[in-house]
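Asks: Build me a structure from this.
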Amino acid sequence: LTKKFMSKQRQTYFKIFVLIIAIPFLLFNEGCKSTKKSTNSADVKSVMPMEDRSVQDLLLKLEKNAFKPEFLSAKANVEMKQGESETSINITMRCKRDSLIWISLSPLLGIEVARALITPDSVKFIDRIHGKYQVSSFETINQILQLDVNFEILQALLFGNFFAYKKDESKFNSVYSESSHYILSTLIKKKMLRSLEEKDSLLPIIQDAYINDSTFRINSMQVEDQKIAKKLIVTYSDFRGTNAGIFPYKSETKVTAEKNFELIIEYGKLNAGEPQEFPFSIPEKYERIR
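Replies: Numbering: from 1, shown residues only. The predicted structure is shown next:
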């Protein structure tokens, strides 16, 4: 492989790694100056307000049925699509709940090209192709990418658990019923058809969680920024039982913006509960990227 090709591949792998961490938050890059009108975050369908189920009741159900492994190991295929470009890569992921997320990236040939270790305080990344490494904090990443990322939200996203983007569950103030779902929303709807509801300029970011009414697991999370006409939809599917609860073996994340892109993660193997090791050592000869 030529150095040029290797450099391009390195950038692609690092981009995939960053997207795994940051894709839910790229939506809210305030540097975007778009003033396009936004479409509604839901299709045209009847949405019924729930009078017999409170927001707090639903939040408790979500917490009770959340996927909570003490340890997790998994192998998955990640596919990224942006315009006409598509890239596939395999990842191995290991987690210790609330403490560590370890990710190894390798192309389809199986040779590791990058490794990452994420903790609540730091994000470390090793580039094995070029012998370089990077050590950052979430605060630094947020400043560079203009995001609002933290370990807790990243873990919830990977596990298919509920999270409040604005870090305040009190912002969720309404519950609705739609087909086989409850919809937990930050937006109060006074009309039966959401498609006819006018936008509220005082609530520029709308978050909806579509929750299965029998398993109380999230089937879809939708977030829309009305001011900059961007929308995020994360869909979870292929739910299977594990020792730590029900886990979605497939997730599809789509961002609609000036440049649309999609990230699909499909897990092949998963072990919940068995203690894991998190090997991460930086060779002395590696150069630090600052």
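Asks: Any buried residues in stretch 94-105, and which?
Replies: Arg94, Cys95, Lys96, Leu100, Ile101, Trp102, Ile103, Ser104, Leu105 (16 or more other C-beta atoms under 10 Å). C-beta here means a position set from N, CA and C on the backbone, and glycine is covered the same way.
Asks: Show me where the protein has its helices.
Replies: 3-22, 55-64, 138-145, 151-159 (DSSP state H).
Asks: The third one - what's its average pLDDT?
Replies: For helix 138-145, mean pLDDT is 66.
Asks: And for the longest one?
Replies: Averaging pLDDT along helix 3-22 yields 52.
Asks: same question, stretch 262-282
Replies: 93.
Asks: End to end on it, go ahead and measure it.
Replies: End-to-end distance for stretch 262-282, by C-alpha to C-alpha, to the nearest Å: 32 Å.
Asks: Go through that stretch and flag the buried ones.
Replies: Result for stretch 262-282 [16+ other C-beta under 10 Å]: buried residues Glu262, Leu263, Ile264, Ile265, Tyr267, Leu270, Asn271, Ala272, Gln276.
Asks: How about stretch 214-231?
Replies: Buried residues in stretch 214-231, defined by neighbour count with 16+ other C-beta under 10 Å: 216-231.
Asks: tell me the least confident of those residues?
Replies: At the low end of pLDDT for those is Ile228, which has 64.
Asks: quick revisit: and the buried residues of stretch 94-105, which is closest to Ile246?
Replies: Proximity of those to Ile246 (C-beta to C-beta) peaks at Cys95, which lies at 16.6 Å.
Asks: and that closest one, what are its bridge partners?
Replies: Leu72, Ile101 (DSSP bridges).
Asks: Export the buried residues of stretch 94-105 to CSV and append columns for distance to Glu287.
Replies: Below are the buried residues of stretch 94-105 laid out as CSV (distance: C-beta to C-beta, whole Å):
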residue, distance to Glu287
Arg94, 26
Cys95, 29
Lys96, 29
Leu100, 25
Ile101, 24
Trp102, 22
Ile103, 21
Ser104, 21
Leu105, 19
